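Undergrad: mind looking at a prediction? Sequence and model below.
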Amino acid sequence: MLTAPLYNDSAWAPPGGKARWVTTSDDIRLRFAWWDVGEKGTVLIFPGRTEFVEKYGRTVRDFLDADYASVVIDWRGQGLSDRLTPNRLLGHVGQFSDYQLDIAAVLNALAGLDLPQPFYLCAHSMGGAIALRALQGGLPVKRSVFTAPMWGMMIDPILRPLASAVARGTLFLGLGEEFAPGTGGQNYIESHKFEGNPLTSDPEMFAYMSGLMTTYPGLSIGGPSVHWFHEALAECNQLMKSTPPDHDALCFLGSEETVIDKRDVARFMDKWPRGRVEINHGAKHEVMMETPAIRANFMAETAAFFNA
């Protein structure tokens, strides 16, 4: 494996992080990073759409303080991993199942790193959809934590068939690699002010996320492609009809969540015998990027759950 860049200075991550390139079975080059200090095991962090390794530097530090090592993945099409279209700012994927190839490639690379065992999972937003599918396929982790998992898109249920039909029609017209309506080349953080944002109630964390993209613009992507949107809708629909894995899971939702559909998450968790939901009062979409009190509560609950 070849060494990849890791901007540890701006990520507020603990020292000792390393990053490598790895190639998937369909020849996509990915970046992943790891911090191998921690006696209790290793947490696999699955980021959401538009995200990248450095954004989770503080979370990695929090896990280290709880005595856990960490691994963070740059999914295909974002971070420093290969882009999938000529427009580097477009969030795109061929099929949602392609993200499973990313997991397989990283797990294969981790096998040679002698990281602390067992593995645990912490998955956010789009990473939560990818993680659920991976768990159903036997992902080798002891316990899993989700934050605002993307198991339902924030679209009125009555309008979802229409949204799917519009996406299919746009694909038919050959516009699959265009930005989805209402989106463009700027990341949400770059194009919006803190006031009224749906991601975090903490101005310091909003500035932290914004600063990372200002300092390293190559990490950023903008809106999703029409094709990504179509694939995401289809995956959410399939996941909601699926059976939860026989696995211990803890799901965090902010009381002020407006990005993903909390109703779908609640419905799925209701049928998960070994799963439970924790509501973070006052939190928005990014529970791990929230106020110090909310982040501390998240980490305390997560560590207790992993330690059980």
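TA: That came through fine.

Undergrad: next SSE after the lowest-mean-pLDDT helix or strand in the chain?
TA: The least trusted helix or strand in the chain, going by mean pLDDT, DSSP states H and E, turns out to be helix 160-172, with a mean of 57. Next along the chain after helix 160-172, taking DSSP states H and E as the criterion, comes helix 188-191.

Undergrad: just checking, next helix/strand downstream of that next one?
TA: helix 203-215.

Undergrad: only C-alpha atoms, please: export that following helix in PDB.
TA: What follows is helix 203-215 as a C-alpha-only set of coordinates in PDB (Å, rounded to 0.1, in the frame of the first residue of the first chain):
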ATOM      1  CA  PRO A 203     -21.000  27.600  15.800                       C
ATOM      2  CA  GLU A 204     -17.500  26.400  16.700                       C
ATOM      3  CA  MET A 205     -18.100  23.000  15.000                       C
ATOM      4  CA  PHE A 206     -19.700  24.700  12.000                       C
ATOM      5  CA  ALA A 207     -16.500  26.900  11.700                       C
ATOM      6  CA  TYR A 208     -14.300  23.800  12.100                       C
ATOM      7  CA  MET A 209     -16.100  22.000   9.200                       C
ATOM      8  CA  SER A 210     -16.000  25.200   7.000                       C
ATOM      9  CA  GLY A 211     -12.300  25.700   7.800                       C
ATOM     10  CA  LEU A 212     -11.300  22.300   6.600                       C
ATOM     11  CA  MET A 213     -12.900  22.800   3.200                       C
ATOM     12  CA  THR A 214     -11.400  26.300   2.900                       C
ATOM     13  CA  THR A 215      -7.900  25.100   3.800                       C
END
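
Undergrad: could you check the next helix or strand after that helix and say which residues are buried?
TA: Where DSSP H and E defines the elements, the next helix or strand beyond helix 203-215 is helix 226-241. Neighbour counts over helix 226-241 (16 or more other Cβ atoms under 10 Å) mark Val226, His227, Trp228, Phe229, His230, Glu231, Ala232, Leu233, Glu235, Cys236, Asn237, Leu239 as buried. From N, CA and C alone the C-beta is placed, and that goes for glycine too.

Undergrad: just stretch 124-136 next, same as before
TA: For stretch 124-136, by 16+ other Cβ under 10 Å, it's His124, Ser125, Met126, Gly127, Gly128, Ala129, Ile130, Ala131, Leu132, Arg133, Ala134, Leu135.

Undergrad: swap in stretch 9-23?
TA: Ala11, Ala13, Pro14, Gly17, Ala19, Arg20, Trp21, Val22.

Undergrad: pLDDT below threshold where in this protein?
TA: 154-175 (pLDDT under 70).

Undergrad: ok, which pair from the buried residues of stretch 124-136 is furthest apart?
TA: Ser125 and Leu135 (16.0 Å; Cβ to Cβ).

Undergrad: now distance to Pro198 too, for the buried residues of helix 226-241, in a markdown table please.
TA: Formatted as a markdown table, the buried residues of helix 226-241 follow (distance: Cβ to Cβ, whole Å):
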| residue | distance to Pro198 |
| --- | --- |
| Val226 | 22 |
| His227 | 24 |
| Trp228 | 19 |
| Phe229 | 18 |
| His230 | 23 |
| Glu231 | 22 |
| Ala232 | 17 |
| Leu233 | 19 |
| Glu235 | 22 |
| Cys236 | 18 |
| Asn237 | 23 |
| Leu239 | 22 |
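
Undergrad: and of these, the nearest to Gly112?
TA: For the buried residues of helix 226-241, the nearest to Gly112 is Glu235 (30.7 Å; Cβ to Cβ).

Undergrad: contact partners for the closest one?
TA: Phe96, Ala129, Arg133 (Cβ atoms under 8 Å, 6 or more residues apart in numbering).

Undergrad: helices along the chain, start to end?
TA: Along the chain, the stretches classed as helices by DSSP state H are 8-11, 57-65, 98-110, 126-136, 160-172, 188-191, 203-215, 226-241, 262-270, 292-307.

Undergrad: which of those is buried the deepest?
TA: helix 126-136 (a mean of 24; mean count of other Cβ atoms under 10 Å).

Undergrad: what's that helix in contact with?
TA: 45-49, 51, 75, 96-97, 99-100, 103, 121, 123, 139, 141, 144, 146-151, 232, 235-236, 239, 242-243, 245, 247, 249.

Undergrad: tell me the buried residues within these.
TA: Using 16+ other Cβ under 10 Å, the buried ones in the contacts of helix 126-136 are 45-49, 51, 75, 96, 99-100, 103, 121, 123, 139, 141, 144, 146-151, 232, 235-236, 239, 245, 247, 249.
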